[in-house]
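Asks: I would like to see how this sequence folds:
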Amino acid sequence: MNRKKILSLTALAAVSAVFSLAFVFMSASRTADLGVIRARFSLAPAMRGETLLAVYPFGEVSAKTHSAPVKIIVGLERIHEESIDEIIADDIGFTELLEAMKDKAQKAVGEFILIVFALAAVGGAAGASVGRRIRFIEILLGAGVGLLSAAVLGAVILYQYNMEAFRQPSYRGLITYAPEIVDNINRSVEGGKNLRKYVRDMAANMSSFYVELDRYGERENAGRVRILHISDIHNNPLAGDFVKVLVKGLSPDLIMNTGDITDMGTALELKLMDSLKGFNKPHFFVSGNHDSQEVVEELKREFNLRVLDGDIAVHGKLRIIGFGDPKAEVSFDAEVDPEETREAAVKITEKILKLKKRPDVLMIHNPDIGRAAAGLVPVILSGHAHSIRAERIGSSVLIVAGTTGAAGARYIETEKKPSYSAALITLHADEESGYIFDHVDLIQMNQSTGEFLVERKFLPAPDEESEEEALKSKETSN
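Replies: Got it, this is the predicted structure:
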C-alpha cells in the first residue's frame with residue numbers, strides 16, 4: 001500500500017472518529033420511566049470525567065467517577081406522585097422499590113448504549129463522506145471506525161468507572177442542603193409509610209376531639225367567627241389530609257395560612273400539594289421565608305388563595321391585613337438580620353397606624369415581627385417557629401400555629417418527630433370595637449400514634465384579669 005493511500009485512510013479514520021463522537025455528544029439521549037421517576041440519559045464532552053445527577057430545579061450532584069473526558073448526565077425530569085401513592089397504599093418495601101427501579105434502569109441504559117452505537121456509526125459514515133466522492137466501501141469503513149471509537153471510549157469509561165466516588169460527591173444549587181438528611185432516609189422509610197395510614201385514620205380520632213371541645217362549652221354568639229389557622233406545611237403532602245379532616249370536623253368560617261408551604265421556594269414543589277386545593281372555605285395566605293414570588297404567583301393562579309401583602313381583605317365584617325415575609329424576596333436560607341426585622345416591623349406598624357379603621361386580624365409569618373404590632377390589632381397570627389403557642393401581649397393575642405406539615409421532610413432528621421399542628425380561633429363581634437378574641441384551641445396530632453391533643457386557652461384581657469382578681473380578693477375577705 002503506497003504512502004498516499006495510507007495517509008488517505010488515516011485521514012478518513014480520524015475524521016470519521018471525530019464525526020462519530022460529535023454525533024454522539026450532540027444527539028445521544030434516552031428518556032425512561034423508572035417507576036417513581038422519569039429520567040433522561042445523555043453524554044457531553046468534558047475536561048474531566050464525571051457523572052452528573054441533575055435534579056431540576058434543585059441543583060446537581062456530581063462525582064469524579066472516571067478520567068475519560070466524558071460527562072455522563074442523568075437528569076431527573078419528573079417524580080410520579082401517583083406512583084408514590086400506589087407504593088404507599090400497596091405497602092411496597094424500600095428494597096423492592098429499589099430492585100424494580102434497578103431492573104428498569106438497566107434496560108434503559110442498555111437501550112441508551114444501542115442509541116450511542118447507532119449514532120456513532122452514522123457519524124462515522126458521515127465523516128467518511130466529507131470532501132470525498134461517496135464510495136460504499138469507505139462509508140462502511142467510516143461507520144466501522146465510528147463504532148470502534150464509541151466502543152473504545154465506552155470500554156475505557158467502564159474499566160475506570162468507580163461508584164465509590166459518590167461517597168464524596170460535589171453539590172451545586174439548592175440540593176446542597178440534601179446531604180444532611182440522606183443518611184437518615186433508610187431508617188425513616190418504614191415510619192414514612194405509616195404516616196398515610198395515620199392521617200387516613202384521623203377521622204376516627206375526631207370523636208375525642210369533639211368531647212374535648214364540648215367539655216368546655218362555647219358561648220353562643222350570632223356574630224361569632226371561627227378561623228382555622230395553619231402554617232409551615234413545608235412540602236408535606238399529608239398536611240392536606242390533616243387540614244381536610246379539621247375543616248370537615250370543625251366547620252371553620254375561613255382558613256388563614258401564615259406561609260412556608262414550600263421548602264425551596266420552587267413552583268415544582270407545589271405539585272405535591274394538590275390536596276390543599278378545593279376547600280370550600282375562603283383561604284387567605286401570606287408568604288413565609290421559604291415561599292418565593294414564583295410560589296406566590298402559582299398559589300394565586302392554581303390554588304385560588306387570596307394572597308395578602310400589605311392590603312386589607314374583608315370577610316363579612318371581619319377585617320384582615322397580611323404581610324409577606326421580607327426574607328422571601330432574598331433567599332430562604334439568608335441569615336436573619338435583626339436590623340431588617342426591625343425595619344419590617346416599623347413599616348408594618350406605620351401602615352396599620354395610618355389606616356382609618358383598625359384591622360381585626362394581622363397575618364405575618366415571623367412572630368418576632370408580629371410582636372411589634374401588639375396593641376394595634378386584637379389578633380396576630382404567625383408561624384415560622386414550628387412550636388404551637390398562644391400568648392397575651394397587652395391588648396393583643398399572638399398565636400403561632402406551629403407546623404401543620406410536621407416540619408415536612410425535616411422530621412427525618414430527628415428521632416422525636418414533630419406533631420402536625422393547627423389552631424382554631426374563635427372571635428365574636430362587638431358593635432363598638434369590631435371583633436374581640438374569645439378563645440383558641442391549640443390542636444396537635446402525634447404522627448407516631450395518630451392521637452390528638454387539644455388545649456383551649458381563653459387568655460383574658462388585662463382589664464378582665466383585674467376584675468377576676470378583685471372578685472377573688474372580695475370572696476377571700478368574706
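
Asks: which residue packs closest to residue 243, ignoring adjacent ones?
Replies: residue 230 (5.9 Å; C-beta to C-beta, 6 or more residues apart in numbering). In short, each C-beta sits where N, CA and C put it, glycine included.

Asks: Just the helices from the stretch 201-350 of the chain, written as ranges.
Replies: 202-216, 238-250, 293-302, 338-354 (DSSP state H, counting those that start in this stretch).

Asks: got JSON lines for those helices, with mean neighbour count, mean pLDDT and distance to residue 43 too?
Replies: Below are these laid out as JSON lines (neighbours: other C-beta atoms under 10 Å; pLDDT from 0 to 100; distance: least, C-beta to C-beta, whole Å):
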{"stretch": "helix 202-216", "mean neighbour count": "14", "mean pLDDT": "51", "distance to residue 43": "49"}
{"stretch": "helix 238-250", "mean neighbour count": "20", "mean pLDDT": "85", "distance to residue 43": "39"}
{"stretch": "helix 293-302", "mean neighbour count": "17", "mean pLDDT": "91", "distance to residue 43": "31"}
{"stretch": "helix 338-354", "mean neighbour count": "14", "mean pLDDT": "91", "distance to residue 43": "46"}
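
Asks: would you turn these into CSV with distance to residue 6?
Replies: Output for the helices of the stretch 201-350 of the chain, formatted as CSV (distance: least, C-beta to C-beta, whole Å):
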stretch, distance to residue 6
helix 202-216, 80
helix 238-250, 71
helix 293-302, 61
helix 338-354, 73
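
Asks: Show me the shaky parts of the chain.
Replies: 1, 56-59, 78-98, 100, 173-222, 329-336, 409-415, 450, 463-478 (pLDDT under 70).

Asks: Break it into its domains for me.
Replies: 3-177, 186-459 (automatic domain parsing).

Asks: to the chain's geometric centre, what's the distance from the longest one?
Replies: Centre-to-centre, domain 186-459 and its host chain are 17 Å apart (C-alpha atoms, centre = their mean, to the nearest Å).

Asks: now swap in the shortest one and tell me
Replies: A distance of 30 Å separates the centroid of the chain from that of domain 3-177, by C-alpha atoms, centre = their mean.

Asks: Strands of the stretch 301-450 of the chain, residue ranges please.
Replies: Secondary structure of the stretch 301-450 of the chain (DSSP state E, counting those that start in this stretch): strands at 306-307, 312-315, 318-323, 361-364, 379-382, 389-393, 396-400, 420-430, 434-445.

Asks: If we go by neighbour counts, what in the second one is buried?
Replies: In other words, strand 312-315. 313, 315 (16 or more other C-beta atoms under 10 Å).

Asks: Partner strands of it and their direction?
Replies: strand 318-323 (antiparallel) (DSSP bridges).

Asks: same deal with the fourth one?
Replies: In the sheet containing strand 361-364, the strands it pairs with under DSSP bridges are strand 318-323 (parallel), strand 379-382 (parallel).

Asks: Pick the most deeply packed of the ones you listed.
Replies: Among the strands paired with strand 361-364, strand 379-382 has the highest mean neighbour count (mean count of other C-beta atoms under 10 Å), at a mean of 26.

Asks: Name the residues that touch it?
Replies: Contacts to strand 379-382, defined as C-beta atoms under 8 Å, 6 or more residues apart in numbering, come from residues 227, 229, 231, 256, 258, 360-367, 369-371, 373-374, 396-401, 423, 425, 427, 435, 437.

Asks: Apply 7 Å and report the result again.
Replies: 229, 256, 258, 360-367, 370, 373-374, 396-400, 425, 427, 437 (C-beta atoms under 7 Å, 6 or more residues apart in numbering).

Asks: among those, which ones are buried?
Replies: Looks like these have 229, 256, 258, 360-367, 370, 373-374, 396-400, 425, 427, 437 buried, using 16+ other C-beta under 10 Å.

Asks: For residue 76, list each beta-bridge partner.
Replies: Applying DSSP bridges, one finds that residue 76 bridges with residue 39, residue 55.

Asks: moving C-terminal of the longest helix along the chain, what's the next helix or strand?
Replies: Scanning the chain for the longest helix, with DSSP state H as the assignment, gives helix 94-128. Going down the chain from helix 94-128, the next helix or strand is helix 136-160, by DSSP states H and E.

Asks: Could you pull out the buried residues of that next one?
Replies: 138-139, 141-150, 153-154, 157.

Asks: just the angle between that helix and helix 94-128, please?
Replies: 150 degrees (axes from the mean of the first three to the mean of the last three C-alpha atoms, to 10 degrees).

Asks: Show me what helix 136-160 is packed against.
Replies: Here helix 136-160 is seen to pack against helix 3-27, helix 94-128 when contacts are counted using 3 or more C-beta pairs under 7 Å, 6 or more residues apart in numbering; DSSP states H and E.

Asks: possible to save those as a markdown table with distance to residue 236 and mean neighbour count?
Replies: Written out in a markdown table, the entries for the helices and strands packed on helix 136-160 read as follows (distance: least, C-beta to C-beta, whole Å; neighbours: other C-beta atoms under 10 Å):
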| stretch | distance to residue 236 | mean neighbour count |
| --- | --- | --- |
| helix 3-27 | 41 | 17 |
| helix 94-128 | 19 | 18 |
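
Asks: Packing partners of the longest helix of the chain?
Replies: helix 3-27, strand 29-33, strand 37-45, helix 136-160.

Asks: What lies in contact with the first one?
Replies: The list of residues contacting helix 3-27 from outside it, by C-beta under 7 Å, 6+ apart, reads 43-45, 116, 119-120, 122-124, 126-128, 130, 138, 141-142, 145-146, 149-150.

Asks: again, only using 8 Å
Replies: With contact meaning C-beta under 8 Å, 6+ apart, helix 3-27 is reached by 43-45, 116, 119-128, 130, 132, 138, 141-143, 145-147, 149-150, 153.

Asks: Same question for the last one.
Replies: Contacts of helix 136-160 with the rest of the structure, by C-beta under 8 Å, 6+ apart, involve 9, 12-13, 15-17, 19-21, 23-24, 49, 65-68, 70, 72, 113, 116-117, 120-129, 132.
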